[in-house]
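Chemist: here you go, sequence then predicted model.
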Amino acid sequence: MGWTEEQLQAINKRGANILVSAAAGSGKTSVLVERIITKVIEDKVDVDKILVVTFTSAAASEMKQRLLKALYKKIDEKPDDAYLQRQISLLNRANISTIHSFCLNMIKNNFYLLEMPANFRIGDTAEIEILKQEVIESIFEEKYENNDKEFLDLIRKYTTYSDDQNLKDLIIKIYEYSRCTPNPKKWIRESAEDFNFEEKIKNEDYSNKWTDILYQDLKETIIDSIEQLKKNKLKVEGIQALEKVYDIYEEDIQSLEKIDTTTWDTMITGIKNKTWTRYVGNIKASEGEKAIKSELGEIRKNIKSKLTNIEFLSQKDAVLELNKMYPTLKYLANIIEEFDSRYTEAKHEKNIIDYSDLEHLSLKLLVDENNQKTEIANKYQFDEVLIDEYQDINEVQEKILTSVSNGKNTFMVGDVKQSIYRFRQSRPNIFIDKYINYKKAQKNDEKLEESTKILLYKNFRSRLEVLETTNIIFQSIMSKEFGEIEYNEEEYLNQGAEFEKNKLEDYSSELYIIDKNEEKIDGGIEEKTENEEDVNEDKEIIENSAYEARLIAEKIKEFHKQGYNYSDMSILLRSVKSSAPVYEKELSERGIPVYSDAASEYIDSIEINTILSFLKIIDNPLQDIPLITVLRSPIIGLNDNELLEIRLLDKERKFYKALELSKNEKAIRFIEMLKNFKKDSLSMPLDELIWKIYMETGYFYYVRLMPGGKTRQANLKKLFETAKNYEQISFKGLFNFILFIEKITKTKNEFESAKVVGEKDDVVKIMSIHKSKGLEFPIVFVSGITKRVNESDYRTKIAYDQDLGFGIKYIDEISEYDTISKRALKIKSFKEMLAEEMRILYVALTRAKEKLVLVGVERNAQKTNDDLKNALSQYEHINNKINPSLVAKYKRMYEWIELSRIFNPTIPLKEYTVPAEKYKNMKIEEDETFDLSEYVKAQTPNEEAYKRIDQMLNWQYSHQASIDEITKTSVTALKNNNNKKLEIKKLITDDKTDKLTPAQIGTLVHLAMQQLKDSDIDQMLENIKISAIEKQELIKRKQIFENYIKSDLFKMLQEAKEVNRETPFFMYIDSENKEDKILVQGVIDLYFIDSNGNINLVDYKTDYAEKEEELVEKYKMQLSLYSKALSKSMKKEVTNKFIYSTKFNKLIKITEE
């Protein structure tokens, strides 16, 4: 590709620290990779002398691949070049990785200096969370037992005796937050000591960092109020009927301008002493003049409210109040330090570390107590340190990377407008400080003498319409005062790619507002209390999401008809937790294939809930909710009437007792099944028990037929793996595993759903804006833009901030209110949160390549529009930018977008207002639905008692009656019916002996071949999750895998367009009497689509056979059934059927007779 002048500067400049500010779509990754290639190939810097830190492992892998490709290309030109050959060998140990991988390698190489055992490991996320909970619970139990007065006082003030979990969570959160600072213990101690004013009070020194924040905020409020009054005074100037209004405004302006803003005390004294003249009453005037009077009266009322609703504590009184809180915060700091100490000890006992340990242990190796570089740091000096996504770095990471550089060899790439990881304690100010202080690169600078910044703002991703929409919105609203950076001509996205108008006639961005117009629907907007608002919020989110999803479904179908694939489109949400399932449901019902990236669905998903319920009743069947959950599931298939009949057999005791009295055949079968599983649970490892449940009930294959079946099946596999890992790291047994899962759920550290969607799958992807970062799509829907920001963090009694330390409520026997520390933290945090919210919007808009569609639901769109127009008229705006004070008043993406659209009508953003009635009870057209015989449908139980269960498992197979009648069998069973020798594949074994049977070894080899996706056999053997005995058996048979990676099949897989492994299927076939159907289930080992689009079916076989023909004869029927099932699923005939035989080390083609 041709490089721009700025890109070439970023590739070639040397001699000093370089900050590359790279806007969205500016080719920063390509530039970063090219710089590495140039240094290695042209500057002759060995690849292991360069440190490259990436945000993700995938990015690191991609960089290594690009570098490898470039080296091979050079070797083709110079095949005898020893230097290039050496770089290939060095690449395996090159430091191109995430910061955590770099730290881990450093610790492994120097573990003895840290007095750590060589075999330490990183704790599993769930294990770490459980450990934290166990430690904090043990601390609290001791405090309660010792009747610790300071502890009980803390409990009384900041939580309750009946539920102290909030305080436990707070202690853990503050501990975790402290780990983003270079010296966590120091930060905690100093944050508490900030409240110790004893010496200052003696010296009558009442200065503090919190009043400074409040002072600046109040001063800005006064200036803003004066400006508003002056601007609106002009509306009545010269109007005789409104002369008194003019005089009142003039009086307010003069009195506010006289306030001494030198200090906090002088300001609050001036505000307290200001008198507010009573506003004008009834006057003789025209209707228009009365309207102006009313409008200005409301504006003045709001200004007065802002200035009089201030806590008028003097600086002295505020400090005296804070000093009273010192004992509480000192004690809290002690508990946090105690938690730190015990948690560290608990990790040592288990020989584990967590991810924050990686950074702090590395820092301990690199920097001594005097903040000087150590000998280790000197050994780890690199020729250059390159950092990707620099805007998301934190202070600990910055210090680590500074320690391995020489002070003038760091190359940093990022875009502060895309810094959206505040919740991970990223510090965008690190980037901003360098952006402000570094000199801008000049064309003629050959060798840099001082730290330099290079700006990349040519966008190679998006159409002009997308870029202009983005530029105008952010030029209007983003400023240093509100957004932390000025969006000006240097920041504009300049078009770098050319597009043809080949699919759409109009590529203008679109804004759809679904207008509830509640005054019309509800007969007026009803006032609600704050508590009522909170209660109704979730309901409103779900309702609004449904409206948005239905509109978006219409647009998707339009774009699809115009030639776009479903995979060309993505729906981005601010938060996926509540909304994504609604979108998935609405789009799926309309025949649109969709994939949702909602992480929180795993524990609450139907399939996981069902299996966990099954495990609970295996442990103890006298639990009604999990028992009925299983009975209603397809595993047993009892309907509500049958459950009611059983309940009537014994109304008093637990449901299981009534079940034992039932003559229902399904109930009898279930009790027998449960007893067998109970017996198994006493001797069988947990993971094997779970797999046995999957297989014997057929549930593992059943979920594949449900919507999102591929993900559901992957979730079940994940639960199996979780159980396997659990027994290796923690207590044994079913009961403890259930407790383990419940604890994880309570800590809100929910497991993430398994990911099964591939880049080539033709589905509409629903994801959070955070997950979309770094991605791009031809068409992007940004939905939920009218949602308010989440302000729940500001309701806590104790807050914390890296710069301001603790912010606390004052609490005594009779009162509770925010101290200046809490108010200051709220002001600072809220500004930072809104600035990040603006950056999140920037990330969302810049994902679109061709078309941008914004969607939201508004209660009264016309009123909002009128209010925004009126607000704009009340402020002075400079340099074609909306006054930052006005922007700061609004908390929703929609309001910022609408302000920009009103302020700058040239924006290529077409707005459409659609009445909500259109989407309220929208019917699905018949031709839009899926074939429901392949899916499950919702069923609402009749009894109130089952409502809770219905939430957990709200579906039933639509042809359950047919399932009861149809025989279910497997492909292997059909072979057995044909009097062939039966081969049963098992993932697990009941045999507890150390010696594996040939069949078990075959299954093991089969499993390993499924996981061997590249040529790294050793890596596969390291990663595969099996027992030590099983691993030894695989190592003995390593030659099988070496033969496999040299085989024609392996080469074909590397060149294939698409590869699919372990694909389950269900298929109906005729039975011998022709009147019945047989439901056949099986798992296809492997199928792939080659470059010509042919479907190739492969089955792995480890059998011993004298001749190839024996294998063909033995398995041809099985492959024929697999082929029919695959052809039906793919709606295309299978071209080739193969057996891959480990005995003959070859691919054997099956031909039709």
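Modeler: That came in fine, so what should we check first?

Chemist: OK, contacts around the closest residue to P428 other than its chain neighbours?
Modeler: Of all residues not flanking P428 in the chain, S419 sits nearest, at 3.9 Å (C-beta to C-beta, 6 or more residues apart in numbering). The C-beta positions use only the backbone N, C-alpha and C, and glycine is treated the same way. With contacts defined as C-beta atoms under 8 Å, 6 or more residues apart in numbering, S419 is in contact with Q391, D392, S426, P428, F431, E836, R839.

Chemist: for the helix or strand hosting E543, buried residues please.
Modeler: In the assignment (DSSP states H and E), E543 maps to helix 530-561. For helix 530-561, the neighbour count (16 or more other C-beta atoms under 10 Å) marks 541, 543-553, 555-556, 559-560 as buried.

Chemist: who are the packing partners of the host helix or strand of I671?
Modeler: Using DSSP H and E, I671 maps to helix 665-681. When contacts are defined as 3 or more C-beta pairs under 8 Å, 6 or more residues apart in numbering; DSSP states H and E, helix 665-681 sits against helix 606-619, helix 624-632, helix 640-649, helix 655-661, helix 686-697.

Chemist: flag every buried residue along that helix.
Modeler: For helix 665-681, burial by neighbour count (16+ other C-beta under 10 Å) applies to A667, F670, M673, L674, F677, D680, S681.

Chemist: measure the first one to G637 for me?
Modeler: Right, A667. Separation of A667 from G637 (C-beta to C-beta, to the nearest Å) stands at 11 Å.

Chemist: with the second one instead?
Modeler: The spacing between F670 and G637, counted by C-beta to C-beta, is 10 Å.

Chemist: check the fifth one too.
Modeler: With distances taken as C-beta to C-beta, F677 is found 17 Å from G637.

Chemist: helix/strand/coil for the residue nearest in space to the middle of the chain?
Modeler: With distances taken as C-alpha atoms, centre = their mean, the chain has K771 as the residue nearest its mean C-alpha position (5.8 Å). Here K771 is recorded as helix under DSSP: H, G, I helix; E, B strand; the rest coil.

Chemist: count the neighbours of T374 for me.
Modeler: The criterion is other C-beta atoms under 10 Å. On that basis, T374 has 15 neighbouring residues.

Chemist: select the helix or strand of the protein having the lowest average pLDDT value.
Modeler: Across the helices and strands of the chain, mean confidence by mean pLDDT, DSSP states H and E is lowest for strand 936-937: a mean of 30.

Chemist: quick check: which element contains S101?
Modeler: For S101, the host element (DSSP H and E) is helix 99-109.

Chemist: V1134 too?
Modeler: With DSSP H and E as the test, V1134 turns up in no helix or strand.

Chemist: check it and give its pLDDT.
Modeler: pLDDT, V1134: 93.

Chemist: just give the number of residues close to it.
Modeler: Residues lying near V1134 (other C-beta under 10 Å) number 19.

Chemist: surely it touches V1098?
Modeler: No. Applying C-beta atoms under 8 Å as the test, V1134 and V1098 come out as separate, 10.7 Å apart.

Chemist: intersection of neighbour lists for these two?
Modeler: Contacts common to V1134 and V1098, judged by C-beta under 8 Å, 6+ apart, are Y1087.

Chemist: before we move on, the earlier item: averaged pLDDT, the helix holding I671. What do you get?
Modeler: What helix 665-681 shows for mean pLDDT is 93.
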